[in-house]
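I need the structure of the sequence given here:
(one chain, ligands or ions: 3)
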Amino acid sequence: MTHWLCVLVQTPAHASLGSVLSYRSEALLAPGTLVRVPLGKRETLGVVWDGDSAQATGELDPGKIKAIAGALDGIAPLSTAWQQLIGFTAQYYQRSLGEVALAALPPQLRELSPEQMQRRLKRGKLAQAKAVIGTGEGPNGGPLAIPALTPEQTAVVAQINNHPGPFLLFGATGSGKTEVYLNSVQTLLAGDPEAQALVMVPEINLTPQLEARFKERFTPLYGEDAVVSLHSGMTNPQRLKSWLAAHSGSARIVLGTRMAVFASMPRLRLIVVDEEHDPSYKSSEGARYSARDLAVYRGKLEGAKVLLGSATPSLESWHHSRPALEGGRYLRLHMPSRIGTQPDAASARSEQERTRAAAGTPAGLPLVRRVDMNHQHRNAVFSIPLLEAIKERVLRGEQCMVFLNRRGYAPVLHCADCGWKSECPHCSAFRVFHKIDRTLRCHHCGFTERVPRACPTCGNPDIAPLGRGTERLEEHLAELLADVRRPNSISAEFPEGEPIRVARIDADTTRLKGELESQLAAVHAGDVDVLVGTQMIAKGHDFRRITLVAAVNPDGALFSSDFRAPERLFSLLMQATGRAGRDAKLGAGSEMWIQTFQPAHPLYAALKRHDYPAFATAQLLEREQASLPPFSAQALVRAEARTQEVAQAFLNAARAAANTDMALWEGWTDVLAQVTLYPAVPMSIQRVANIERAQMLIESPSRAALQRFLSGWQSVLHATRQGPEGKGLIRWAIDVDPLAI
Ligand code: ADP
Ligand code: ZN
Ligand code: ZN
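Ligands and ions are numbered 1, 2, ... in the order given. Modelled structure (predicted):
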């Protein structure tokens, strides 16, 4: 008998063809089944979809409907919950079902023929049969070393076990959050032989550390294959292998970056989102989803507990975790103390600790010091007291970390005679001077040239760098510390002692695979005295011997036009602070230095007290007064064209049509009344790679109204694209809950 199936396929964005197509099949296939279908001249991967929830394209002549090429036997259909997650994502983020569904599957699934797939599955089964089930013993045959939980951890774990969640674990850096994740996962797996847990981290380079900790804990209990990773740094065959293990249920724990939120896990019971505030959870291409928000949604859908964790939660999550009586939906859990410094150890507090407590520094957290740069030499990069403090630490054999959020040698090259600057010819931005290979590189389009010998406009040979990036900072610091010698380093080779070692870690020094690992290993091994870098080093890494962290020039974000800039700065500085004094023995003397021209700024004052709640309260009050998220919902439409006029005209035409055409639709006046569309403006970097970019902000006090509006406005945007105002437009896209405006 012939059955008619709806199948999701990946069609190019905005193609006239929808992403849900009709096919014939002799067998009745359940929604969620993976199939191969003919599409045009090729054959492609598709997912059978529920015909009621998706409309198949038009009223096609049944005689023209093609038959599917075959089903991927051996792979169970994707669950109803997974289909619902995809459906929700597509609808909420205003993208096609097919695009979202296919992007959520491992790329290799698209490439393999059914026969290749069969072989792959057979190999997986064999491996699984051979896999040794854990013995519960540690790596050396002894019992597993699992630390006894601290009182704070115990209290938090009890809450997690007794409440449905979602939870926001607000825990200082080094307070033992990861241990809480491990513990929660362990309890879950021990209580249900099929349960699965998903643990997400924001960045690929944080996965190896996490993976090591989870493998150490769980392979002895559940075998080699119980823990798998899923992130874009893996090869396609690796990704497919992890995906299949998760989908078949043989993997009990999936660790991954944002893409892992779509992992097919039939028995998902717990989702952990570590560093939940991190902007990397928001996708910046295709469907611009927030993996953190989808995790909460997915948890509800599948009855899985959701645990968000951070030392500096996003203001959204903080707001959602206000007391239930005030409307909070998450349960806030608090772990204020660093491991090794909890109140029960208070009797052992040193003199130093007591003075710090008097200065408002919580036990075990670094002392925050603000240096007023108004009192320093005008062009000083390092203030004298900071430099002295760095020297002192290095002489004691401790490590320091200096960070600056700008890579390269100098952000601009400049001619003092004629005013020439190193603009990128293709972007509205300057090209950055990289001294190491003497290039000018555009960080937006990648355009790279060798540094000219002389000013290209007036011939002046004396062109000079303006400002500084990490590369210049590293060079400068090495000069300033040139006469300092490493402690106990006198040898035949260095009769006066070894010079100190300054190293740099940023996107430029870690471009090649393995470089980041080897550079981090050098820091851990103590081969580096002072580490210079971008925010890359401020996040997550567990550096044991760093006792001083310095932000040399963080003020910029205080004056940014982006309302989220202070939130990001505060969290970055808090994270950076968390890198200092992680070894409890050294923790008591650790310091975070902030060089600033605004020493009295409330953000720095809150940072000094490590007082995230005070900072959050002040920010939320400002947001509420200005009706900004989380007190309103926002979306952006971005348009790209050869000229700025075309990009803006398209957006403004779609806006005008919303007010004229949509106002005539029955029942839409209410929705329109709750939504504000602002006029189109150029994006902050308005031209990249010769493409002009404009955006339009849409705002509503009601998320539901905004959603309704966008779903209706889609057709208006498509129509505008086809009309005269769409001429010359390259593309447009909607970003719901944008992170940067
Ligand atoms: P966070 O994730 O909050 O930064 P971690 O879980 O990484 O903190 O814990 C910080 C350090 O303290 C780690 O080295 C960890 O092994 C250790 N630790 C965590 N919990 C305990 C505990 N209950 N007893 C002893 N050490 C612990
Ligand atoms: Zn010149
Ligand atoms: Zn450029």
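
please, where are all the helices along the stretch 551-700 of the chain?
Remark: helices assigned in the stretch 551-700 of the chain by DSSP state H, counting those that start in this stretch are 565-577, 584-587, 602-608, 612-625, 644-664, 669-673.

count of residues packed around the nearest residue to Arg298 once chain neighbours are set aside?
Of all residues not flanking Arg298 in the chain, Leu85 sits nearest, at 5.4 Å (C-beta to C-beta, 6 or more residues apart in numbering). The way it works is simple: take the backbone N, C-alpha and C, and place the C-beta from them, glycine included. Neighbourhood size, Leu85 [other C-beta atoms under 10 Å]: 23.

now what about the helix or strand hosting Leu85, what contacts it?
Element membership for Leu85 (DSSP states H and E) is helix 80-92. Contacts with helix 80-92, where a contact means C-beta atoms under 8 Å, 6 or more residues apart in numbering, come from 31-32, 49-50, 53, 95-97, 99-101, 104, 262, 264, 268, 287, 289, 294, 297-298, 301-302, 707, 711, 736.

of the residues you listed, keep whichever come out buried.
Listed as buried from these are 31-32, 49, 95-97, 99-101, 104, 262, 264, 268, 287, 289, 294, 297-298, 301-302, 707, 736; burial here means 16 or more other C-beta atoms under 10 Å.

list the contacts for the closest residue to Leu78 other than its chain neighbours?
Nearest residue to Leu78, sequence neighbours excluded (C-beta to C-beta, 6+ apart): Gly32, at 3.8 Å. Taking C-beta under 8 Å, 6+ apart, we find Gly32 in contact with 47-48, 77-80, 82-83.

returning to what we had before: turn the helices of the stretch 551-700 of the chain into TSV, including mean pLDDT, mean neighbour count and distance to Asp192.
Listed next are the helices of the stretch 551-700 of the chain as TSV, based on pLDDT from 0 to 100; neighbours: other C-beta atoms under 10 Å; distance: least, C-beta to C-beta, whole Å:
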stretch	mean pLDDT	mean neighbour count	distance to Asp192
helix 565-577	91	22	34
helix 584-587	64	16	36
helix 602-608	94	19	42
helix 612-625	96	16	35
helix 644-664	94	19	49
helix 669-673	92	14	44
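
doesn't the residue nearest to Leu78 lie inside a strand?
No. Assessed with DSSP: H, G, I helix; E, B strand; the rest coil, Gly32 is coil; it does not lie in a strand.

tell me how far it lies from Ser264.
9 Å (C-beta to C-beta, to the nearest Å).

what touches both of these two?
Common contacts of Gly32 and Ser264 (C-beta under 8 Å, 6+ apart): 78-79, 82.

now, which of these sits nearest ligand 1?
Nearest to ligand 1 out of the shared contacts of Gly32 and Ser264 is Trp82 (C-beta to the nearest ligand atom; 29.5 Å).

what's the neighbour count on that closest one?
Number of residues near Trp82 (other C-beta under 10 Å) recorded here: 24.

what's the helix or strand for Ile730?
Per DSSP H and E: strand 729-736 holds Ile730.

do Pro164 as well
Under the criterion DSSP H and E, no helix or strand holds Pro164.

OK, contacts around it?
Shown in contact with Pro164 (C-beta under 8 Å, 6+ apart): Lys305.

pLDDT value on it, please?
You'll see Pro164 listed with a pLDDT of 94.

pull the CA atoms of stretch 552-568 into CSV?
The C-alpha coordinates for stretch 552-568 follow below in CSV (Å, rounded to 0.1, in the frame of the first residue of the first chain):
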residue,chain,number,x,y,z
VAL,A,552,45.0,46.8,32.3
ASN,A,553,42.4,48.8,30.5
PRO,A,554,38.8,47.6,31.0
ASP,A,555,37.0,51.0,31.0
GLY,A,556,35.8,50.9,27.4
ALA,A,557,32.7,48.9,28.2
LEU,A,558,31.5,51.4,30.8
PHE,A,559,30.7,53.8,28.0
SER,A,560,29.4,51.4,25.4
SER,A,561,26.1,52.0,23.7
ASP,A,562,25.2,48.3,24.2
PHE,A,563,23.0,48.0,27.3
ARG,A,564,24.6,44.6,28.0
ALA,A,565,28.2,45.9,28.0
PRO,A,566,28.3,46.4,31.8
GLU,A,567,26.9,43.0,32.4
ARG,A,568,29.5,41.4,30.2
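
what's it in contact with?
For stretch 552-568, the surrounding residues in contact (C-beta under 8 Å, 6+ apart) are 279, 314-315, 381-382, 402-405, 473, 569, 572-573, 594-598, 601, 603, 619, 623, 626, 628, 684, 739-741.

alpha carbons of stretch 243-256, as CSV, please.
Extracted in CSV, the C-alpha atoms of stretch 243-256 (Å, rounded to 0.1, in the frame of the first residue of the first chain):
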residue,chain,number,x,y,z
TRP,A,243,25.6,11.1,18.3
LEU,A,244,24.7,7.4,17.7
ALA,A,245,25.8,6.5,21.2
ALA,A,246,23.6,9.2,22.7
HIS,A,247,20.7,8.3,20.4
SER,A,248,20.9,4.5,21.1
GLY,A,249,21.1,5.2,24.9
SER,A,250,24.5,3.5,25.3
ALA,A,251,26.1,6.9,26.2
ARG,A,252,24.9,7.9,29.6
ILE,A,253,26.5,11.3,29.7
VAL,A,254,26.9,13.7,26.8
LEU,A,255,29.3,16.6,27.2
GLY,A,256,29.1,19.4,24.7
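
quick one: contacts of that stretch?
75-76, 78, 105-106, 109, 120-121, 124, 128, 185, 189, 194-201, 207, 210-211, 214, 218, 222, 225-231, 242, 260, 263-267.

noted, bye for now.
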